[in-house]
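Chemist: Provided below are the primary sequence and the corresponding predicted coordinates.
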Amino acid sequence: MIEQEDAAAIVRDLVIGNVADPFPLYDRLREIGTGVHWSDVLGAWVVTRYDDVKAMVGSHEAFSSDTFFDGAPGIHNPDDPEQRRFISISSRQFIFQDPPTHTRIRSIFRHAFTKQAIKRWRATMEDVADEVLSRYRPGQELDIMPGLAADIPVAVIASMLGVPRERWGQLREWSESFGRTLDPGVQGPLRDQSIGTSLEMMDYLGDLLHQRRADPQDDLISLIATTAADDGERLTDEEAISQLTLLLAAGNDTTASLIGSAMTLLIDHPDVKQELKDDPSRIPVVIEEMLRFDPPFHLNFRKARRDAVFGGEQIKAGQMCFQVIAAANRDPRQFGDPNTFDITRDASKHLTFSHGIHFCVGAPLARMEGEVVLSKILERFPDFSAGSTPPVRRANNILARGWHSRPVTL
Ligand code: HEM
């Protein structure tokens, strides 16, 4: 009983305690009792051990992803027709769908995002990274989080989608607004404004979709506009626009976090940095350990479809469940000496990209982008080091705990 109260207090700290470093709390939560805890603050179960997290996210028959209206993305004013229009589009993202809708929409992406298929974007990615990095000079100090870490992913996805270059800056602002609608802390006028701006983006993407349907190009918008799903039908306009916004929402902040943690880990581990400078072919393996050690998404969520027993706890149909990816990735039952950043380990079984039918569709892209960006940074700024103030992790976002600021001297 005392243990369960401890666990509830730790979750409370994680949610509202402004904790600077959540990892020691994840370690404690995972080792208390069965590692499965009820949280009143979240009104949900919290699951922390590797096997349990993997089993839960992988059991789509028992744990549903139909959670759009259970969390921040669905918060809106139902009396406002424009907000209803926004919700009608954004609730169709396939990350929030179960089969058969999930299977149908995901089938569009099956070929476009494989490791093999995304190789064709490598040259574009290199050009974008070169262009962004050329704005900075060695010795310059900057906070990379609003700077190069955020600039590169949005420019990469914009060029893949086929958004004209003169609109990239605008797309970044729009997608940041859309990102705000996913944050439960954003309420009132700021939410209204974020929804309004997101609708401008959706309307713009809708125009591009119509153009590409009439005149297809070699880009992702054309692919989404013209590819038939596995039922032989194309996506409707609302469905297609929704998936375009999902690519922006799921890919930008996460990849920016990966760049932030990659630079942080190399600053903290100069021996590893030297090794990568000597042998850049090691970069992909090191990125896997970076993804395990400091995942961009700390939590995933599902809703129980039926009663289930997990870790000895009785979960009831309809209850929300959070799976703590960041705790599972450091479970000593799966990874030896898990709190050590160790580039010689096989980190590939990490759960950073989830598991099962919702496994991140953009994982091959994120991995390649991490590799391209890190090798370009090491080439251009081989002596990069910590800036004059310490980095600060996000404390107010339980899902995405990447760096809020990461000062670096290039
Ligand atoms: C390091 C970067 C990234 C991380 C850590 C990450 C993480 C994740 C996770 C954990 C999920 C699964 C959610 C669940 O199980 O419910 C997911 C799904 C998804 N991700 Fe990523 N992601 C990254 C980059 C990207 C990129 C670059 C894109 C595309 C441009 C992308 C597109 C998606 C999409 C479309 C889904 C939904 C898949 C589905 O529900 O079937 N992600 N991602």
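Modeler: Ah, there it is.

Chemist: flag the shaky bits of this protein, pLDDT-wise.
Modeler: Scanning the chain for pLDDT under 70 picks out 1-2.

Chemist: around the ligand, pick out the residues from it.
Modeler: Contact residues, the chain versus the ligand (C-beta under 6 Å from any ligand atom): 57, 65, 94-95, 106, 157, 246-247, 250-251, 254-255, 258, 295-297, 300, 352-354, 358, 360-362, 365-366. Quick note: C-beta positions are derived from backbone N, CA and C, even for glycine.

Chemist: next step: the residues you listed restricted to strands.
Modeler: Among the residues of the chain next to the ligand, DSSP state E puts Asn300 in strands.

Chemist: distance check, the residue most central in space within the chain against Arg212.
Modeler: Taking C-alpha atoms, centre = their mean, the centroid of the chain lies closest to Thr254, which sits 3.8 Å from it. The gap separating Thr254 from Arg212 is 26 Å, by C-beta to C-beta, to the nearest Å.

Chemist: name the element the nearest residue to Arg180 once chain neighbours are set aside belongs to?
Modeler: In space, and not counting its chain neighbours, Arg180 is closest to Ser194: 4.2 Å by C-beta to C-beta, 6 or more residues apart in numbering. Assigned by DSSP states H and E, Ser194 belongs to helix 188-214.

Chemist: elements contacting the helix or strand just after that helix?
Modeler: Downstream of helix 188-214, the next assigned helix or strand under DSSP H and E is helix 220-226. If you count contacts as 3 or more C-beta pairs under 8 Å, 6 or more residues apart in numbering; DSSP states H and E, helix 220-226 packs onto helix 148-161, helix 188-214, helix 237-268.

Chemist: go again with 6 Å.
Modeler: Applying 3 or more C-beta pairs under 6 Å, 6 or more residues apart in numbering; DSSP states H and E, we find helix 220-226 packed against helix 148-161, helix 188-214.

Chemist: report the buried residues of whichever helix or strand comes after the shortest one.
Modeler: When you say that, I think you mean helix 148-161. Once helix 148-161 ends, the next helix or strand along the chain (criterion: DSSP H and E) is helix 168-180. Neighbour-count burial for helix 168-180, counted by 16 or more other C-beta atoms under 10 Å, picks out Trp168, Leu171, Arg172, Trp174, Ser175, Glu176, Ser177, Phe178, Gly179, Arg180.

Chemist: and the residue of the stretch 101-250 of the chain closest to the ligand?
Modeler: Distance from the ligand to each residue of the stretch 101-250 of the chain (C-beta to the nearest ligand atom) is smallest for Ala250, at 3.6 Å.

Chemist: what is the neighbour count of that residue?
Modeler: 18 (other C-beta atoms under 10 Å).

Chemist: picking up where we left off before, would you list the buried residues of helix 168-180 in JSON lines and tack on distance to Thr48?
Modeler: Listed next are the buried residues of helix 168-180 as JSON lines, based on distance: C-beta to C-beta, whole Å:
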{"residue": "Trp168", "distance to Thr48": "39"}
{"residue": "Leu171", "distance to Thr48": "37"}
{"residue": "Arg172", "distance to Thr48": "35"}
{"residue": "Trp174", "distance to Thr48": "36"}
{"residue": "Ser175", "distance to Thr48": "31"}
{"residue": "Glu176", "distance to Thr48": "31"}
{"residue": "Ser177", "distance to Thr48": "33"}
{"residue": "Phe178", "distance to Thr48": "30"}
{"residue": "Gly179", "distance to Thr48": "26"}
{"residue": "Arg180", "distance to Thr48": "28"}
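
Chemist: which of these lies closest to Asp127?
Modeler: Lowest distance from Asp127 to those (C-beta to C-beta) belongs to Trp168, with 13.0 Å.

Chemist: leaving out sequence neighbours, find the closest residue to that closest one.
Modeler: Nearest to Trp168 is Ala158, by C-beta to C-beta, 6+ apart, at 4.7 Å.

Chemist: near the one you found, how many other residues are there?
Modeler: For Ala158, using other C-beta under 10 Å, the count is 22.

Chemist: quick check, it in contact with Gln170.
Modeler: No. Contact between Ala158 and Gln170 fails when scored by C-beta atoms under 6 Å: they sit 9.7 Å apart.

Chemist: just give me the neighbour total for Tyr10.
Modeler: One thing to correct before we go on: residue 10 is Ile, not Tyr. Residues contacting Ile10 under the criterion other C-beta under 10 Å number 22.

Chemist: give me the element it is part of.
Modeler: Using DSSP H and E, Ile10 sits in helix 2-16.

Chemist: for that helix, buried residues please.
Modeler: Going by 16+ other C-beta under 10 Å, helix 2-16 has these buried residues: Ala7, Ala8, Ile10, Val11, Leu14, Val15.

Chemist: tell me which residue of the stretch 51-200 of the chain lies closest to the ligand.
Modeler: For the stretch 51-200 of the chain, C-beta to the nearest ligand atom, closest residue to the ligand: Ile95, 3.8 Å.

Chemist: skipping adjacent residues, who's closest to that residue in space?
Modeler: Leu246 (6.0 Å).

Chemist: burial count for that neighbour?
Modeler: Here the count is done by other C-beta under 10 Å, and Leu246 has 20 residues near it.

Chemist: pretty sure it contacts Phe96?
Modeler: No. Using C-beta under 6 Å, Leu246 is not in contact with Phe96, being 8.9 Å away.

Chemist: check contacts around Gly260.
Modeler: Neighbouring residues of Gly260 by C-beta atoms under 6 Å, 6 or more residues apart in numbering: Met145, Ala149, Gly402, Trp403, Arg406.
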